[in-house]
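Undergrad: Quick one, what's the 3D model for this:
(one chain, ligands or ions: 1)
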Amino acid sequence: MDIPVLTIDGPSGAGKGTVSRLIAQKLGWHYLDSGAIYRALALELTEKDVLHESIAEIVDVALGMDLVFECSEDRAVLLNGQDITDLLGLESTGNNASKIASIPEIRAALLQKQHDFKQAPGLVADGRDMGTVVFSEAKYKVFLTASASERAERRYKQLKEKGIDANLSEITADIQERDQRDSERQISPLVPAADAIYIDSSTISVQAVVDEVLSLVR
Ligand code: C5P
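TA: Sure thing, here's the model as predicted:
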């Protein structure tokens, strides 16, 4: 059976996670947060203190990770049995993830974990290279973006709401640095797939984005 896949790629903070989850829920499809896989590996490497070791060692760690995405309401992520949900969201985790994500051997080692999510009745996959590389055969592809200032504002609000101290200009600089690294890397750079529809969420609501994407699938 041909399992339908909807890919939603774009830079960090564009709203991919929120939109993808809502759509997966609405369609009753599975959801892959591929960034969480890169983030989990960054955490594991930090924990084992091998972030700066040889690529072969890092690949070994990547292949050995026991990663479970729970489908319960709180969507916990377990790494080797430990709940890492809160640690995944840290800025430092995202930055470390972005650094290791530019290494081809690491991307190759994480490919199978991502392919495993493609199961009936369908999959919504969010990331940077879902439509260009990992699920290049996908029937539906979206590139979701927003201006860097809007994405920084959203991140700033999120952190404040969680009671985390945040600095808007630092967040903006971080976002710009990460965008540049993700877009300019040699392997699987952040670019829209040729057959993706392009949505700029800077000035439209989450619901409007969800409706537009759903109309593509339906
Ligand atoms: O999407 P998220 O911000 O969680 O991703 C963290 C980092 O992981 C990104 O900045 C990017 O470098 C990397 N990533 C990637 N390919 C993906 C998903 C994430 O390179 N498909």
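
Undergrad: nearest spatial neighbour of residue 115, skipping sequence neighbours?
TA: Leaving out its chain neighbours, the residue that sits closest to residue 115 by CB to CB, 6 or more residues apart in numbering is residue 134, at 7.2 Å. Using the backbone N, CA and C atoms, a C-beta is placed for each residue, glycine as well.

Undergrad: Please disregard the earlier target; I meant residue 26.
TA: Excluding its sequence neighbours, the residue lying closest to residue 26 (CB to CB, 6+ apart) is residue 214, at 6.5 Å.

Undergrad: secondary structure element for that neighbour?
TA: helix 206-217 (DSSP states H and E).

Undergrad: Quick one: distance of that helix to the chain centre.
TA: Counting by CA atoms, centre = their mean, to the nearest Å, helix 206-217 is centred 19 Å from the centre of its parent chain.

Undergrad: same question, stretch 44-60
TA: Taking mean C-alpha positions (CA atoms, centre = their mean), stretch 44-60 and its chain are 21 Å apart.

Undergrad: ditto for stretch 75-90
TA: 15 Å.

Undergrad: Need the contact partners of that stretch.
TA: For stretch 75-90, the external contacting residues (CB atoms under 8 Å, 6 or more residues apart in numbering) are 21, 36, 39-40, 43-44, 65-70, 74, 93.

Undergrad: go again using 6 Å as the cut-off
TA: 36, 39, 40, 43, 66, 67, 68, 69, 70 (CB atoms under 6 Å, 6 or more residues apart in numbering).

Undergrad: Roughly how far does the residue nearest to residue 149 when sequence neighbours are not counted sit from residue 151?
TA: Leaving aside its sequence neighbours, residue 149 sits nearest to residue 172 (CB to CB, 6+ apart; 6.7 Å). Applying CB to CB, to the nearest Å, the value for residue 172 to residue 151 is 9 Å.
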